[in-house]
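S.K.: I need the structure of the sequence given here:
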Amino acid sequence: MRKPLNYRKRIYYILFFLVMFFLCSCKSDKPKEILSHEQMEHVLIEIHVVDGTLTDKMMVPDTMFKYGNAQYMQIFKQQNIDSGAFKKSFKYYTNRPDELFEIYDKVIADIKVRVDSATKVKEKRQKAELARQMKENERIAKRAADSIARLNKAKADSLHKKTEEKKGAGKNKLRKDKNVIPRK
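M.R.: Have a look, this model is predicted:
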């Protein structure tokens with residue numbers, strides 16, 4: 001004869017099978033060829049950096065193909081992916097906006113750090129260039145002041161010589177006049 005299961009055991013068995021059923025049915029719907037969040041972040045950061053460098057190019061119909069295509073392929077090569085995997089991954093994440101927003105929050109933060117550091121480097125270079133220009137201007141001003149001082153000294157010397165010549169010429173004139181016999 002069979003023993004009846006007590007009521008608690010039945011509930012535990014039912015709960016056990018329900019949990020197993022839900023765990024088995026909760027299969028990940030993320031395909032294997034989809035990039036992970038970290039890979040997608042790195043690729044998107046590099047793509048946006050390339051996009052930023054392309055903004056200073058003249059925009060004609062073939063600009064993206066001419067300048068950007070090779071750079072994008074280089075990014076994919078560095079990340080060991082192909083453009084098809086990126087497209088599939090991007091489409092996958094665009095259908096899941098919550099995940100895409102998480103990825104883009106990190107992308108924006110990284111790009112902001114890069115921009116801030118580039119701005120600091122640019123400011124440092126500008127300060128160094130300004131200091132160099134100021135030194136150059138001081139050197140030029142000193143050279144000009146020295147030239148003006150030399151010119152003024154030369155003028156003063158030549159004026160002094162002229163006045164000495166005039167004084168000397170006047171004395172000789174007086175001496176000649178002394179030799180002259182006065183008329184009666």
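S.K.: Now A85: closest residue in space, sequence neighbours ignored.
M.R.: Among residues not flanking A85 along the chain, E33 sits closest, at 5.5 Å (Cβ to Cβ, 6 or more residues apart in numbering). Backbone N, C-alpha and C define where each C-beta goes, glycine included.
S.K.: so the one you found, which of the three states?
M.R.: coil (DSSP: H, G, I helix; E, B strand; the rest coil).
S.K.: Kindly report the same for D56.
M.R.: Under three-state DSSP, D56 comes out as coil.
S.K.: Based on its surroundings, how many neighbours for it?
M.R.: By other Cβ atoms under 10 Å, the residues close to D56 number 6.
S.K.: Next one: it relative to V115, how far apart?
M.R.: Separation of D56 from V115 (Cβ to Cβ, to the nearest Å): 15 Å.
S.K.: State the phi and psi torsions of N80.
M.R.: phi 60, psi 50 (degrees, to the nearest 10).
S.K.: Give me the neighbour count for it.
M.R.: By other Cβ under 10 Å, the residues close to N80 number 8.
S.K.: same question, I140
M.R.: Around I140 there are 10 other residues, counting by other Cβ under 10 Å.
S.K.: does it belong to a helix or a strand, and which?
M.R.: Per DSSP states H and E: I140 is located in helix 97-179.
S.K.: Tell me the buried residues in stretch 141-158?
M.R.: Under the neighbour-count criterion of 16 or more other Cβ atoms under 10 Å, stretch 141-158 has nothing buried.
S.K.: chain center to it, what's the gap?
M.R.: Computed by Cα atoms, centre = their mean, to the nearest Å, the chain-centroid distance of stretch 141-158 equals 46 Å.
S.K.: Same check on stretch 44-59?
M.R.: Here stretch 44-59 is found 13 Å from its chain centre; the criterion is Cα atoms, centre = their mean.
S.K.: same deal with stretch 150-170?
M.R.: How far stretch 150-170 lies from its chain's middle: 62 Å, per Cα atoms, centre = their mean.
S.K.: okay, and the helix or strand of this structure with the least pLDDT?
M.R.: When the helices and strands of the chain are scored by mean pLDDT, DSSP states H and E, helix 63 comes last with a mean of 65.
S.K.: Quick one: mean pLDDT over the helix or strand that comes right after that one.
M.R.: With elements assigned by DSSP H and E, the helix or strand that comes after helix 63 is helix 69-78. The average of the pLDDT scores along helix 69-78 is 87.
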